[in-house]
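Undergrad: below is the structure, and that's it, no one-letter string:
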């Protein structure tokens, strides 16, 4: 399968100048399902930021769908079509919008739905995930797990091609785990949808290929 | 990456020069942001206009509608106070007949646009700077970028358009209220007949005045949100930068509005 995501000779340092990745080469094909296990501070979130074009490597390049990705590149064709489902640990929801409006935002901006249709779709997705009761709440009123799940719903509703999923901020209970697994399994029914999941957010049901981050490199196999 | 050395500006890193370099950098970032906004305005798709309209409407509500009581009170008092002061001076020379003409020119040409700008900077400009700084630090801007929602189109353009519409509307309402305040005072306290007041007012307000006011409204309305957005988005990593960004936004906007206002007045009336 064609490569959807490719990191080529990437060197990345964090804000304090500590090296996070050294000469990193890694790729994910379209439809690839990768899970990355990493110790705290090993660079799992930095990897997601690199892949989303939010961090600029000191050296090397990131290619998304064959096109080089520069940080905050609004003109990148893959980003412009809303190809990435961004699920950071804090959810990344817009603080001044309700949960429903947050899920509806990419549907309106990227998919061109009317406000009514976008919010109707958003509500359907929220109901399927057990979050319909919180639909009109703003992010500050949600607990951190609900914010993270809201970001998952937002990505699912947008029908993205590449899911970048960080770990939830706290352990999910059995019902939440069930909702999350069902959502991700449903998204994984599309064979072209790729996943890069940190930790075991999917309950081990979607991402089959395991990697771990060791000494600034991504190597096959699970760990810790 | 461009550095001071590229421009041969190493000398500007002295204490005084460092400030100049920062000032030039801020000016550069505001100019660059305005170019980006202008470009992105024309790359909006038709099906994104509904969302833009909603966001702009929200901004107009916060900037114009919510500021209306304050603007009306300020304008009514200003109109009355100005009339009292002008009457005291002019009656000494027997020139009361020019009272309403002078009031109209003072308010419409200078005081209206300037005071509305001060109100908008104090109420909305600082709020825009704080909001931008806060959402940048919390990762909301990053989330928009990653999702493919262009933050310039979604966050910046509605605030700038909302600023232009709001300042424009507020200036018209402010000028009308200030003239009304002047009229009420003249009618109740001074020996001026309403018919004479309005006749002189009608003669004083020419198309020339209206066009200049509209020009000022458009420039100030675009400049204030642009400067405040730029200040808010300059924060890097710490929440302690937010009050600094808000102060910088308020000071820079005030300086810009006074400078541009003075420049336009000298250009047109000087």
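TA: On my side now, so go ahead. Because the structure is predicted, anything quoted here is derived from the model rather than measured.

Undergrad: show me the shaky parts of chain A.
TA: Within chain A, the segments meeting pLDDT under 70 span A:1, A:72-73, A:222-224.

Undergrad: what secondary structure does the closest residue to residue B:60 other than its chain neighbours sit in?
TA: Of all residues beyond its chain neighbours, the one nearest residue B:60 is residue B:162 (4.9 Å), with distances taken as C-beta to C-beta, 6 or more residues apart in numbering or on different chains. Using the backbone N, CA and C atoms, a C-beta is placed for each residue, glycine as well. With DSSP: H, G, I helix; E, B strand; the rest coil as the basis, residue B:162 sits in helix.

Undergrad: surely residue B:162 and residue B:54 touch.
TA: No - when contacts are counted by C-beta atoms under 8 Å, residue B:162 is not listed as touching residue B:54 (11.0 Å).

Undergrad: those two: which has the busier surroundings?
TA: More crowded of residue B:162 and residue B:54, by other C-beta atoms under 10 Å in any protein chain shown: residue B:162, with 24 against 14.

Undergrad: mind checking pLDDT for the residue nearest to residue B:60?
TA: Predicted confidence (pLDDT) for residue B:162: 96.

Undergrad: how about residue B:213, what does it touch?
TA: Residue B:213 makes contacts with B:108-109, B:112-113, B:171, B:175, as judged by C-beta atoms under 8 Å, 6 or more residues apart in numbering or on different chains.

Undergrad: an error on my part: the question was meant for residue A:184.
TA: Contacts of residue A:184 (C-beta under 8 Å, 6+ apart): A:152, A:163, A:165, A:195, A:201-202, A:205-206.

Undergrad: quickly find the element holding it.
TA: helix A:174-188 (DSSP states H and E).

Undergrad: which residue lies farthest from the center of chain B?
TA: Going by C-alpha atoms, centre = their mean, the residue of chain B most distant from its centre is residue B:94, 37.4 Å out.

Undergrad: helix, strand, or coil at that residue?
TA: Going by three-state DSSP: residue B:94 is coil.

Undergrad: mind listing what the residue nearest to residue B:60 touches?
TA: By C-beta under 8 Å, 6+ apart, residue B:162 lies in contact with B:55-60, B:62-63, B:225.

Undergrad: identify the farthest-apart pair in those residues.
TA: Within those, B:57 and B:225 form the most distant pair, 15.0 Å apart (C-beta to C-beta).

Undergrad: what about these two, which has more around it?
TA: Between residue B:57 and residue B:225, residue B:225 has the larger neighbour count (other C-beta under 10 Å), namely 32 against 13.

Undergrad: burial of the residue nearest to the more buried one when sequence neighbours are not counted, as a residue count?
TA: Take residue B:225 and drop its neighbours on the chain: the residue closest to it by C-beta to C-beta, 6+ apart is residue B:163, 3.7 Å away. Counted with other C-beta under 10 Å, the neighbours of residue B:163 add up to 29.

Undergrad: backbone phi and psi for the closest residue in space to residue B:66 that isn't next to it in sequence, please?
TA: Leaving aside its chain neighbours, residue B:66 sits nearest to residue B:123 (7.4 Å; criterion: C-beta to C-beta, 6+ apart). Note on residue B:123: backbone dihedrals following degrees, to the nearest 10 are phi -90, psi -50.

Undergrad: ok, now how distant is residue B:123 from residue B:109?
TA: Between residue B:123 and residue B:109 the computed distance is 23 Å (C-beta to C-beta, to the nearest Å).

Undergrad: more neighbours, the two?
TA: Higher neighbour count among residue B:123 and residue B:109: residue B:109, with 21 against 15, using other C-beta under 10 Å.

Undergrad: can you tell me the closest non-neighbouring residue to that one?
TA: residue B:209 (6.3 Å).

Undergrad: quick one: buried residues of the helix or strand hosting that neighbour?
TA: Using DSSP H and E, residue B:209 sits in helix B:207-233. Neighbour-count burial for helix B:207-233 flags B:209, B:212-213, B:216-217, B:219-233 (criterion: 16 or more other C-beta atoms under 10 Å in any protein chain shown).

Undergrad: cool, and stretch A:123-135?
TA: So, applying 16+ other C-beta under 10 Å, buried residues of stretch A:123-135: A:123, A:125-126, A:128-129, A:131-132, A:134-135.

Undergrad: which bits of chain B sit near chain A?
TA: By C-beta under 8 Å from any C-beta of the partner chain, the part of chain B that sits against chain A consists of B:40, B:45, B:47-48, B:50-51, B:54, B:131, B:134-135, B:138-140, B:142-154, B:237.

Undergrad: from those, which land in strands?
TA: Here DSSP state E is the test, and these give no hits in strands at all.

Undergrad: quick check: PyMOL command selecting the buried ones in these.
TA: In PyMOL, this line selects whichever of the residues of chain B next to chain A come out buried by 16+ other C-beta under 10 Å:
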select buried, chain B and resi 40+48+50+51+131+134+135+138+139+140+142+143+144+145+146+147+148+149+150+151+152+153+154
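
Undergrad: name the residue most distant from the centre of chain A?
TA: Relative to the C-alpha centroid of chain A, counting by C-alpha atoms, centre = their mean, residue A:116 is the outermost residue, at 26.1 Å.

Undergrad: other SSEs contacting the helix or strand hosting that one?
TA: Taking DSSP H and E as the criterion, the element that holds residue A:116 is helix A:115-128. Applying 3 or more C-beta pairs under 8 Å, 6 or more residues apart in numbering or on different chains; DSSP states H and E, one finds that helix A:115-128 contacts helix A:99-109, helix A:144-158, helix A:174-188, helix B:49-60.

Undergrad: now do that helix: distance to the chain's middle.
TA: Relative to its parent chain, helix A:115-128 has a centroid offset of 20 Å by C-alpha atoms, centre = their mean, to the nearest Å.

Undergrad: name the residues that touch stretch A:141-151?
TA: Outside stretch A:141-151, the residues that touch it by C-beta under 8 Å, 6+ apart are A:86-93, A:99, A:102-103, A:129, A:131, A:134, A:139, A:168-170, A:172, A:176, A:179-180, B:143.

Undergrad: show the buried residues in those.
TA: Among these, those scoring as buried are A:86-93, A:99, A:102-103, A:129, A:131, A:134, A:139, A:168, A:172, A:176, A:179-180, B:143 (criterion: 16+ other C-beta under 10 Å).

Undergrad: so which of the helices and strands packed on helix A:115-128 is the most surrounded?
TA: helix A:99-109 (a mean of 25; mean count of other C-beta atoms under 10 Å in any protein chain shown).

Undergrad: report whether that helix contacts chain B.
TA: Yes - counting by C-beta under 8 Å from any C-beta, chain B has neighbours in helix A:99-109: A:105-106, A:108-109.

Undergrad: most proximal residue of the stretch 151-270 of chain B with respect to chain A?
TA: Sorted by distance to chain A under C-beta to the nearest C-beta, the residues of the stretch 151-270 of chain B start with residue B:154, at 6.4 Å.

Undergrad: hang on, that residue packs against residue A:110?
TA: No - using C-beta under 8 Å, residue B:154 is not in contact with residue A:110, being 10.7 Å away.

Undergrad: just the helices in the stretch 101-250 of chain B please.
TA: Applying DSSP state H, counting those that start in this stretch to the stretch 101-250 of chain B gives helices spanning B:112-120, B:126-137, B:140-147, B:151, B:157-189, B:194-204, B:207-233, B:241-269.

Undergrad: among the ones you listed, which is nearest residue A:212?
TA: Closest to residue A:212 of the helices of the stretch 101-250 of chain B is helix B:140-147 (C-beta to C-beta; 23.7 Å).

Undergrad: which residues of chain A lie near chain B?
TA: Proximity of chain A to chain B, by C-beta under 8 Å from any C-beta, involves residues A:15, A:49, A:52-54, A:72, A:74, A:79-86, A:88, A:90, A:92-96, A:105-106, A:108-110, A:112, A:114-115, A:151, A:154, A:158, A:164.
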